[in-house]
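Engineer: could you work out the structure for the sequence below:
(one chain, ligands or ions: 2)
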Amino acid sequence: MRVLLITPENRFIRAFRRGQLNNFAQLTMAYLAGFVRSPHRVRLVDEYTQSVNLDAPCDLVGITCNTPNAGHVYRMADGFRKRGRLVVLGGPHPTLLPDEASHHADALVVGEAEETWPRLLDDVAHGRLAPRYQASGPPALLGLPHPRRVLMADRGLLAHTVIATRGCPHRCTYCNLRQLYDPLLRFRPVDEVAAEIRAMPSPIFAFWDDQLFAHPDYAHRLFDALAGLRRQWAAMVTLSSTRDESLLAAAARAGCVCLFVGLESFSTRSLALANKSFNIVESYAECVARLHARGIAVQAGIVFGFDDDDAGCFTRTLDEATRLGLDGATVSLLTPLPRTPLFEQLERAGRLLTRDWSYFNGKTAVALQPARMSPESLWNGYMWFRRRFYSPDCIRERLHRSRVRTLQSCVLNWGYARALDNPVPGWPVPGGRRDAVLDWAVVRG
Ligand code: B12
Ligand code: SF4
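Structural biologist: Numbers count the residues shown, from 1 in each chain. Ligands and ions are numbered 1, 2, ... in the order given. Alright, predicted model coming up:
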C-alpha cells in the first residue's frame with residue numbers, strides 16, 4: 001500500500017509563515033509516517049515548501065487539518081476522492097467537528113492516533129476501512145516510533161522538532177487543547193526522548209510541547225539527560241513556571257537558548273477573562289530579567305482582541321513590551337476556535353463575524369466583534385503594533401535592554417519584520433473573492 005501524508009498550508013498561512021523565515025518544521029505527519037511499516041510505503045508532502053499533486057500515485061491519503069486550513073483541506077480531499085483515492089483526515093479540526101469533516105473523507109481519526117492509526121492502516125490493507133476511529137482512552141506515550149525526518153522536505157537547521165510531553169494543566173478559554181487531547185498529562189520516557197534527540201543531526205532543535213515545564217520533576221530529569229548533548233533548543237512554557245530558579249538553571253545547562261512565553265496581555269482583567277490569571281502582569285519584568293540572566297531569550301506571545309482591550313491597548317502594550325526588553329513576540333488576534341469556551345460565549349452573544357474557517361487563523365483576519373472597538377480598529381491597531389514592534393528603532397531598543405543572544409534575536413526580528421509585507425485582507429469580506437483565491441491555491445497544488 002502506498003500512503004501519502006500531507007501537511008497542508010493554505011496560501012495565506014504559507015505566505016505569512018514563509019515571510020517570517022524562522023519556522024521550525026511541523027512534526028505530525030513525519031511522526032505518523034513512523035507508524036507505517038514495511039511492506040507499506042509512505043511519502044510526505046509539506047505545502048510549506050512543496051505542491052500537492054492530486055494525481056500522485058497512492059492508495060491512501062492522510063491529511064492533518066487545523067481549523068484555518070479546513071476549507072483548503074476539504075477541497076484537496078474532495079479532489080483526491082474524485083480521482084478514486086481513499087482519504088483519511090485527522091488533527092484538530094476533524095476532532096472538533098467530526099460531522100462536518102466526515103463529508104470530505106472516507107475515514108476520520110478523532111483525537112489522538114497512537115492506537116487508532118496503526119489499526120486504520122491494517123483495516124485499509126484488509127479492505128475494511130471504518131468511517132471513524134477514536135481511541136478508547138489516553139494512549140500511553142511509551143515506545144513511540146521516531147518521526148521519519150529523512151522523508152521531510154529539506155528544511156535545513158529548522159527541520160528538527162521533538163515532543164516529550166502531551167497536554168497542559170491549564171484551561172485558557174481560547175485554547176483547544178482540552179477538546180483535542182485527553183486531559184491526563186502524559187510524558188514520554190526520558191531515555192526515549194534523549195535517544196531521539198541524539199539521533200537528530202542538527203545542533204539546534206525545538207520542543208513542540210505545549211508546556212515543557214508542566215511537571216518540574218520530569219523536566220529536571222529530561223534536562224539532566226540533555227546536559228551532555230551539546231545541543232541548543234527552544235521550547236514553550238508558561239510564565240508562572242519560569243519562577244522556578246533551579247529548573248531554569250537546569251534548562252540553561254541543558255542548552256535552552258530561547259523560551260516562548262505566553263504573556264498574551266498586559267491587562268490583568270483580560271487575563272482573568274481568558275482564565276489565565278496565573279500570568280501576573282506585575283511579575284513580567286522580574287520573570288523576563290530572570291530568563292535573561294540565564295542567557296535565555298524571550299519570545300513572548302501577545303494577543304489583541306480581549307474584551308478589556310480598547311483603542312489604547314496597542315500603545316500601552318508597545319511601551320511595556322519595549323521596557324521589558326522582549327527579544328521577540330508572536331503577535332496574534334484573539335480567535336474563537338471552535339468548541340472553546342470563548343467560541344461558545346461569542347456565538348451566544350452573536351459576536352462571530354464569520355463562520356468561514358479560513359479567517360480563524362489569528363494572523364490575517366479579525367473573526368470576532370471586539371467589545372470596546374470596531375473590527376477595523378482592532379485590525380489597524382494590531383498591524384500598527386507589529387510595524388512598531390518590528391521597526392529598527394524598537395528592535396534596537398529592546399535588544400539593547402535584553403543583551404541576550406543578540407545575533408540570534410536580530411535574525412528572528414528581521415524575519416518578523418519581513419512578514420509584515422504580506423498583502424492580506426484585514427477582516428472578513430463576505431462573498432466569494434477570498435474563496436476564489438483559496439480555490440486557486442488548491443487547483444495550483
Ligand atoms: C507546534 C505547534 C505549531 C507549530 C507547528 C504546527 C504543527 N502542527 O506542527 C507552528 C508554530 C507552526 C504552529 C502554527 C499554528 N498553529 Co499550532 N500548534 C502546535 C502545537 C503546540 C503542537 C502540534 C504538534 O506537533 N503536536 C504533536 C503531534 C504529534 O500531535 P498532533 O499534531 O496533535 O497529532 C496527533 C493527533 O491529532 C493525530 N493526528 C493529527 N493529524 C492527523 C492526521 C491523520 C491523517 C491522522 C490519522 C491522525 C492525525 O495524530 C497525532 C498523534 O496522536 C499544537 C497544540 C497541540 N498540542 O496539538 C498547536 C495547535 C495545533 N496550533 C493551533 C493553531 C491555531 C495554529 C495557528 C493557526 C496559529 C497562528 N495563529 O498562527 C498556526 C497554523 C499554522 C499552519 N501551518 O497551519 C491550534 C489548532 C486549533 C484548531 N482548532 O485548529 C493548536 C491545537 C493550539 C491550541 N492550543 O489550540 N503550531
Ligand atoms: S497555557 Fe497555553 S497550552 Fe495551556 S491551556 Fe493555556 S493556552 Fe492552552
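Engineer: looking at the stretch 301-445 of the chain, which residue is nearest ligand 2?
Structural biologist: The nearest approach of the stretch 301-445 of the chain to ligand 2 comes at G301, 8.4 Å away (Cβ to the nearest ligand atom). Every C-beta, even on glycine, is put in place using the N, C-alpha and C of the backbone.
Engineer: pLDDT score for that residue?
Structural biologist: G301 is assigned 98 on the pLDDT scale.
Engineer: now do it against G415, distance only.
Structural biologist: Here the criterion is Cβ to Cβ, to the nearest Å. By it, G301 lies 16 Å from G415.
Engineer: the residue of the stretch 301-445 of the chain closest to ligand 2 in helix, strand or coil?
Structural biologist: strand (DSSP: H, G, I helix; E, B strand; the rest coil).
Engineer: count of residues packed around it?
Structural biologist: Look at G301: counted by other Cβ atoms under 10 Å, it has 16 neighbours.
Engineer: OK, contacts around it?
Structural biologist: By Cβ atoms under 8 Å, 6 or more residues apart in numbering, the contact set of G301 is 260-264, 329-330, 332.
Engineer: so it bridges to which residues?
Structural biologist: G301 has these beta-bridge partners by DSSP bridges: T330.
Engineer: how far away is it from ligand 1?
Structural biologist: 10 Å (Cβ to the nearest ligand atom, to the nearest Å).
Engineer: from M236, how far out is that residue?
Structural biologist: 9 Å.
Engineer: same check on D308?
Structural biologist: Taken as Cβ to Cβ, the span from D308 to M236 is 24 Å.
Engineer: more neighbours: which of those two?
Structural biologist: Per other Cβ under 10 Å, whichever of D308 and M236 has more neighbours is M236, with 19 against 16.
Engineer: what's the helix or strand for that one?
Structural biologist: Element membership for M236 (DSSP states H and E) is strand 232-237.
Engineer: ok, residues contacting stretch 218-228?
Structural biologist: 164-165, 187, 190-191, 193-194, 197, 212-213, 233, 246-247, 250-251, 253-256.
Engineer: and for G301 and M236, which residues touch both?
Structural biologist: In contact with both G301 and M236: 260-262, using Cβ under 8 Å, 6+ apart.
Engineer: can you give me the mean pLDDT across the strand holding M236?
Structural biologist: The pLDDT scores in strand 232-237 average 97.
Engineer: note down every partner strand of that strand and its orientation.
Structural biologist: By DSSP bridges, strand 232-237 pairs with strand 204-207 (parallel), strand 256-264 (parallel).
Engineer: can you name the next helix or strand after that strand?
Structural biologist: helix 245-253.
Engineer: now do that following helix and strand 232-237, the angle between them.
Structural biologist: 150 degrees (axes from the mean of the first three to the mean of the last three Cα atoms, to 10 degrees).
Engineer: close to ligand 1, is stretch 89-103?
Structural biologist: Yes: Stretch 89-103 lies within reach of ligand 1 by Cβ under 6 Å from any ligand atom, at 89-93, 96.
Engineer: out of those residues, which are inside strands?
Structural biologist: 89-90 (DSSP state E).
Engineer: pull up the residues of the stretch 51-200 of the chain that are close to ligand 2.
Structural biologist: Counting by Cβ under 6 Å from any ligand atom, the residues of the stretch 51-200 of the chain near ligand 2 are 168, 170-172, 175, 177.
Engineer: tell me where the model's unsure across the chain.
Structural biologist: Applying pLDDT under 70 to the chain flags the ranges 21, 421-445.
Engineer: for it, what lies in contact range of ligand 1?
Structural biologist: Counting by Cβ under 6 Å from any ligand atom, the residues of the chain that sit close to ligand 1 are 9, 13, 26-28, 31-32, 62-64, 66-69, 88-93, 96, 109, 112-114, 117, 163, 175-177, 180, 208, 210, 332, 337, 361-363.
Engineer: sitting in strands, which of those residues do you find?
Structural biologist: Those of the residues of the chain next to ligand 1 lying in strands (DSSP E): 62-64, 88-90, 109, 332.
Engineer: just the buried residues of those residues.
Structural biologist: Neighbour-count burial within those applies to 62-64, 88-90, 109, 332; the criterion is 16 or more other Cβ atoms under 10 Å.
Engineer: show me which pair in these is furthest apart.
Structural biologist: Greatest spacing in these, by Cβ to Cβ: V88 and S332 (29.8 Å).
Engineer: residues contacting the strand holding M236, please?
Structural biologist: 203-213, 226, 251, 254-262, 299.
Engineer: over to stretch 376-385?
Structural biologist: So stretch 376-385 is contacted by 302, 304-305, 309, 311, 313-314, 317-318, 331, 333, 366, 370, 373, 420, 426-427 (Cβ under 8 Å, 6+ apart).
Engineer: from those, list the buried ones, please.
Structural biologist: The buried subset of the contacts of stretch 376-385 (16+ other Cβ under 10 Å) comprises 302, 304-305, 309, 313-314, 317-318, 331, 333, 366, 370, 373, 426-427.
Engineer: re earlier: now, of the contacts of stretch 218-228, which are buried?
Structural biologist: Counted by 16+ other Cβ under 10 Å, these give 164-165, 187, 190, 193-194, 197, 212-213, 233, 247, 250-251, 254-256 as buried.
Engineer: these: which two are farthest apart?
Structural biologist: F187 and G255, at 19.4 Å, using Cβ to Cβ across the buried ones among the contacts of stretch 218-228.
Engineer: if we can go back for a sec, and of the residues of stretch 89-103 next to ligand 1, the nearest to ligand 2?
Structural biologist: P92 (12.3 Å).
Engineer: and for the nearest residue to G137 once chain neighbours are set aside, the neighbour number?
Structural biologist: Ranked by Cβ to Cβ, 6 or more residues apart in numbering and with sequence neighbours excluded, the top spatial neighbour of G137 is D182, at 6.9 Å. By the measure other Cβ under 10 Å, the count of residues near D182 is 15.
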